[in-house]
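Asks: Generate coordinates for the sequence data below:
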Amino acid sequence: MKRSDDLLAGLDDIDWPALGHAYGSANDVPGQLRTVCGPDAEAREDAFCSLFSNIFHQGTRFSASPYAVPFLARIAVAGPAGARADALLLLTRLAIDWHDEYDLPLGIDTAAWRAAAVSPEEHLRWYDEAIAAETDEEQLKNLREVRAYCAAGHPIDGREGALRSYDAVRAQLPVLLELLDAQDPEIRTKTAYLLGWFPEEADTTRPALLARLDTERDPACTATALIAVGLLTDHDPDGRLRHHLDHEHPLPRWAAATALTRVLAAHPAATPGLPPAQRIAAELAAFATGPAPETATTHNGGDLHSYTVRSLQHLMRAAENPDKILLQIVSVLPRIERTEVVPRPLADLAEDLLEALFDRAATAPEFTELPPGRRELLNVLAQLLTAEDFQPVPFGSDLHQRFTRYGLPGTRPALRAYVGLPIEGEDPSASLPDPWGAFRNG
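Replies: All right, here's what the predicted structure looks like:
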């Protein structure tokens, strides 16, 4: 496949105007795909931006989304050099959305996803029953309109709509698998990243990823393939993950430890064949206490420090000396940075740690009575968390409530006073503002 006509064969056989995306009819998608295959680099970039916004709008997939997948797969394999990596990225997003945020380090649970999705047939049955029972003319009109929308092939349930795109990408994996041998390391890396999200295809993809590890020299690609193998296996195949704990480059060592953590946490029966949790944790902590690498894997949006803390939390549950691993977690926390994808990563991790380490209580114990790891955790959180982190969020998590649930101080100045730090002129007894005040007063 070299010419755009080959890449887009069958494009005009699809009734795009009848399909939908974020802004209505998908009749503009064919033109955007043609531009992606064209020679103008700037126009290609604009077309990709439009496609992202149209068929993957803030994570939502639409009726047109899976129809674009085969053409994007062809572009990834044989499209213009400047378009192939972007096509792989869009294919990944169409398949898994932002699952890095909530499914790592254990990986995606497709069985639960499929069980939760509501099929169009189920929706149509529900609408038929609702229409038969409805007597209000306005409600009846609305029900009929939504039923017609569903009957026309548009997804009603977001999970089911996302699965259509996921399965469309899954169907293209035999073709995309060839890209593990691409000359461009970016293409190999993005392909390895994509493959790790399809556990149902592990019997095919895992051997290919292991074969890539035999010859790969690029650290980022090696690390990405290691994590993908870890997400797709229930053991350490032939000790390959353990072997990479001694890799010459720190990034693959970190990735091997991350992969081993996932196997240990998801498949405890494999524990006897794995290195001790303390050994794995030491490799993770050694990597994560340094600055973020300039070249890394794309897992967790490239935020490997937050990813490391998540992995260490799982190891803490399996370790003989969990307090030692907790201290390693604490040593990583100062490296956590806000990102565009996750604006409050430290606050989110703090919530997870509090839930794992503290019991519900009406009042806080004396700070000096806490185990060393917990004391150090609260000390570091008191230094790193901002007043903004404690503010109630109307549509999100509430760190203040998390602290008070365990009897701990629920404001930054009160927490600093509790651990013995200066409160910097702030009133430790001050209450938090009402997040709904602006709505009530407006």
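
Asks: alpha carbons only for contacts and neighbour counts from here, please
Replies: Fine.

Asks: For residue 282, which residues are in contact?
Replies: Contacts for residue 282 (C-alpha atoms under 8 Å, 6 or more residues apart in numbering) come out as residue 328.

Asks: Run the chain-centre distance for the helix or strand encompassing it.
Replies: Residue 282 is located in helix 277-288, with elements delineated by DSSP states H and E. Put simply, helix 277-288 sits 22 Å off its chain's centre (C-alpha atoms, centre = their mean, to the nearest Å).

Asks: Give me the below-cutoff pLDDT ranges for the stretch 251-400 of the chain.
Replies: Applying pLDDT under 70 to the stretch 251-400 of the chain flags residues 339-343, 392-397.

Asks: what about the helices in it?
Replies: Here the stretch 251-400 of the chain has its helices, by DSSP state H, counting those that start in this stretch, at 277-288, 304-318, 322-332, 345-357, 372-384, 387-390, 399-405.

Asks: Which one of those helices lies nearest to residue 168?
Replies: helix 304-318 (28.3 Å; C-alpha to C-alpha).

Asks: which residues touch the closest one?
Replies: With C-alpha under 8 Å, 6+ apart as the criterion, helix 304-318 contacts 104-105, 258, 261-262, 265, 277-278, 281, 284-285, 288, 292, 300, 322-323, 325-326, 329, 332-333, 335-336, 345-346, 349, 353.

Asks: Can you check what angle separates that helix from helix 277-288?
Replies: Angle, helix 304-318 to helix 277-288, by axes from the mean of the first three to the mean of the last three C-alpha atoms, to 10 degrees: 170 degrees.

Asks: what's the distance between residue 345 and residue 7?
Replies: Noted for residue 345: a distance of 41 Å to residue 7, by C-alpha to C-alpha, to the nearest Å.

Asks: list the contacts for residue 389?
Replies: Counted by C-alpha under 8 Å, 6+ apart, residue 389 has contacts 344, 347, 399.

Asks: I'd like the domain boundaries of this structure, if you could list them.
Replies: 1-117+157-171, 184-342, 344-442 (automatic domain parsing).

Asks: Out of these, flag the one nearest residue 178.
Replies: It is, among the domains of the chain and with distance given as C-alpha to C-alpha, domain 1-117+157-171, at 8.0 Å.

Asks: what's the residue closest to the geometric middle of the chain?
Replies: residue 100 (1.2 Å; C-alpha atoms, centre = their mean).

Asks: For residue 350, see how far away the residue nearest to that residue when sequence neighbours are not counted is.
Replies: Residue nearest to residue 100 in three dimensions, not counting chain neighbours: residue 300, with 4.9 Å by C-alpha to C-alpha, 6 or more residues apart in numbering. Going from residue 300 to residue 350 by C-alpha to C-alpha gives 17 Å.

Asks: do residue 387 as well
Replies: Applying C-alpha to C-alpha to residue 387 and residue 350 gives a distance of 14 Å.

Asks: swap in residue 135?
Replies: 51 Å.

Asks: Looking at those two, which is more packed in?
Replies: residue 350 (19 against 10; other C-alpha atoms under 10 Å).

Asks: which residues sit in contact with the more buried one?
Replies: 381, 399.

Asks: What is the burial count for residue 127?
Replies: The burial count for residue 127: 18, using other C-alpha under 10 Å.

Asks: go on, residue 137?
Replies: Neighbourhood size, residue 137 [other C-alpha under 10 Å]: 9.

Asks: nearest to residue 120, of the contacts of residue 389?
Replies: In terms of C-alpha to C-alpha, no member of the contacts of residue 389 lies closer to residue 120 than residue 344, at 36.2 Å.

Asks: Spatially nearest residue to the closest one (excluding sequence neighbours)?
Replies: residue 338 (6.0 Å).

Asks: What is the neighbour count of the one you found?
Replies: Neighbour tally, residue 338, other C-alpha under 10 Å: 14.

Asks: do you know how far it is from residue 98?
Replies: With C-alpha to C-alpha as the criterion, residue 338 and residue 98 are 16 Å apart.

Asks: and if you look at residue 360?
Replies: Using C-alpha to C-alpha, residue 360 is found at 32 Å from residue 98.

Asks: Over to residue 168?
Replies: 17 Å.

Asks: Backbone dihedrals for residue 38, please?
Replies: phi -90, psi 180 (degrees, to the nearest 10).

Asks: if we can go back for a sec, just the buried ones out of the contacts of helix 304-318, please.
Replies: Taking 16 or more other C-alpha atoms under 10 Å as the criterion, what is buried in these is 104-105, 258, 261-262, 265, 277-278, 281, 284-285, 288, 292, 300, 322, 325-326, 329, 332-333, 335-336, 345-346, 349, 353.

Asks: Chain neighbours aside, what residue packs nearest to residue 412?
Replies: Nearest one to residue 412, counting by C-alpha to C-alpha, 6+ apart, is residue 387 at 5.6 Å.

Asks: what about the one you found, neighbour count?
Replies: Other residues close to residue 387 by other C-alpha under 10 Å number 12.

Asks: shouldn't it be in contact with residue 410?
Replies: No - counting by C-alpha atoms under 8 Å, residue 410 is not a contact partner of residue 387; they are 10.4 Å apart.

Asks: got the phi/psi numbers for the residue of the chain most remote from its centre?
Replies: Note on the chain: the largest C-alpha distance from the chain mean falls to residue 135, namely 44.5 Å (C-alpha atoms, centre = their mean). Backbone geometry at residue 135, expressed as degrees, to the nearest 10, gives phi -110, psi -20.

Asks: All the strands of the protein, residue numbers only.
Replies: 20-21, 24-25, 56-57, 60-61 (DSSP state E).

Asks: Sheet-wise, list the partners of the last one with their directions.
Replies: Paired strands of strand 60-61, with direction, are strand 56-57 (antiparallel) (DSSP bridges).

Asks: Rounded mean pLDDT for the partner strand, please.
Replies: Taken as a whole, strand 56-57 has an average pLDDT of 93.

Asks: cool, stretch 30-40 as well?
Replies: On average, stretch 30-40 scores 94.

Asks: Could you list the buried residues of it?
Replies: In stretch 30-40, counting by 16+ other C-alpha under 10 Å, buried: 30, 32-38.

Asks: Give me the contacts around that stretch.
Replies: Taking C-alpha under 8 Å, 6+ apart as the rule, stretch 30-40 contacts 4, 7-8, 11-12, 16, 43-45, 47-48, 50-51, 71, 75, 79-80, 83.
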